[in-house]
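>>> just coords:
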C-alpha cells in the first residue's frame with residue numbers, strides 16, 4: 001500500500017532542536033580538541049602553549065629594544081594577545097566543518113536531520129574559542145608581570161568592544177567556513193592564510209598608518225581593525241599611534257558597530273548560499289586530500 005506524507009508530517013527545525021544540537025556539539029568539540037585526553041593534561045597543554053608564545057615575545061622585546069619603547073610594547077602585546085581569538089574562531093570554525101566532512105564523515109548526516117548545521121557548527125567550534133580566551137589572558141598577564149604593561153581598564157567600553165568584536169570575528173569565521181566547503185584543494189590551509197593576512201592589515205602589531213596605500217582601505221573596512229582599537233582603549237586607556245588613535249572613543253565604537261552590523265548579515269547570507277551550492281554539487285562528503 002502506498003504511503004503518502006502531508007506537508008504537516010515533515011517537521012522543521014525548532015528552537016529545542018537548535019539548542020540540543022548546539023549543546024551536543026559543545027561536548028563533542030571539547031572532546032575532539034582535547035583528543036579525549038585526561039582533563040589535567042589538556043589543561044597543562046592549554047596553558048603551556050600560549051605561555052611559551054608570550055615568553056617568546058618577552059625575549060624578542062628585550063633583545064631588539066633593550067627594554068625601551070614601552071608605549072609600542074603595550075600596543076604590540078594587546079594586539080598579539082587579542083589575535084589569538086581571531087585564529088581560534090576562524091580556525092575553529094573552518095577546521096570543524098572540514099573535520100566533520102572529511103575526517104569523521106558525519107556532516108551529511110547532520111545536514112539531513114531536523115536541526116541545522118549552523119548551531120552545530122557554532123557549538124562544535126566553541127572549544128577553540130574558549131582556549132583562545134585562555135591565551136589572551138595569559139599573554140596579557142605576561143605583559144603586565146614581565147614587561148611592565150600598565151592596564152587602565154574601562155570595563156563598560158571593553159565589554160561592548162569585546163561583544164561586538166567576537167560577533168564580527170565569528171561572522172568572518174562563518175563566511176570562511178562556508179567558502180572552504182567549495183574548495184577542492186588546500187582547504188585546510190586557508191584559515192591560517194586568511195587570518196595571517198588580516199593580522200598584517202588590522203593593526204595588530206603595527207599601526208595602520210604604515211601600511212601601503214593600497215591596503216589602507218581594506219584595513220579601514222575590516223571590523224577587526226576597529227575591534228583591536230576599541231579593545232586597546234578599554235584595556236590601556238588610550239588608542240593606537242597614528243590617525244586611528246586620534247579618533248574619539250565614540251567614533252571608534254561607532255565604526256566597530258557599523259562594520260560588525262554589515263559583516264554579520266553578509267556572512268550569514270554567504271554561508272546559506274555556500275551550503276545550498278554544496279548540497280546541489282555533492283560537496284558535503286568530498287575529500288580534498290589537503
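Right, received. Where do you want to start? Owing to the predicted nature of the structure, the values given are computational and were not obtained by experimental measurement. Numbers count the residues shown, from 1 in each chain.

>>> elements contacting the helix or strand hosting residue 229?
Per DSSP states H and E: residue 229 is located in helix 223-236. Judged by 3 or more C-beta pairs under 8 Å, 6 or more residues apart in numbering; DSSP states H and E, the packing partners of helix 223-236 are helix 70-98, helix 155-180, helix 249-281. The C-beta positions use only the backbone N, C-alpha and C, and glycine is treated the same way.

>>> at 10 Å instead, please
helix 70-98, helix 155-180, helix 190-201, helix 216-221, helix 249-281 (3 or more C-beta pairs under 10 Å, 6 or more residues apart in numbering; DSSP states H and E).

>>> next, the buried residues of the second one.
Right, helix 155-180. 157-158, 160-162, 164-180 (16 or more other C-beta atoms under 10 Å).

>>> before we move on, what about the shortest one?
Judged by neighbour count (16+ other C-beta under 10 Å), helix 216-221 contains these buried residues: 218, 219, 220.

>>> contacts only, for the last one.
It refers to residue 220. Residue 220 makes contacts with 201, 208, 211, 226, 243, 244, 255, 259, as judged by C-beta atoms under 10 Å, 6 or more residues apart in numbering.

>>> and if you look at the first one?
When the contact criterion is C-beta under 10 Å, 6+ apart, the partners of residue 218 are 197, 198, 200, 201, 202, 208, 211, 225.

>>> what about 8 Å?
residue 201 (C-beta atoms under 8 Å, 6 or more residues apart in numbering).

>>> ok so, going back, could you dump the helices and strands packed on helix 223-236 into TSV and include distance to residue 129?
Compiled in TSV, the helices and strands packed on helix 223-236 are given as follows (distance: least, C-beta to C-beta, whole Å):
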stretch	distance to residue 129
helix 70-98	5
helix 155-180	8
helix 190-201	14
helix 216-221	24
helix 249-281	16
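
>>> could you dump the ones you listed to CSV with distance to residue 121 and mean pLDDT?
Below are the helices and strands packed on helix 223-236 laid out as CSV (distance: least, C-beta to C-beta, whole Å; pLDDT from 0 to 100):
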stretch, distance to residue 121, mean pLDDT
helix 70-98, 6, 83
helix 155-180, 6, 90
helix 190-201, 14, 83
helix 216-221, 25, 92
helix 249-281, 9, 92
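
>>> buried sites along the one helix or strand residue 28 maps to?
Element membership for residue 28 (DSSP H and E) is helix 15-33. In terms of neighbour count (16+ other C-beta under 10 Å), helix 15-33 has its buried residues at 17, 18, 21, 22, 25, 26, 28, 29, 30, 32, 33.

>>> what of stretch 266-277?
The neighbour-count check on stretch 266-277 (16+ other C-beta under 10 Å) flags 267, 270, 271, 274, 275 as buried.
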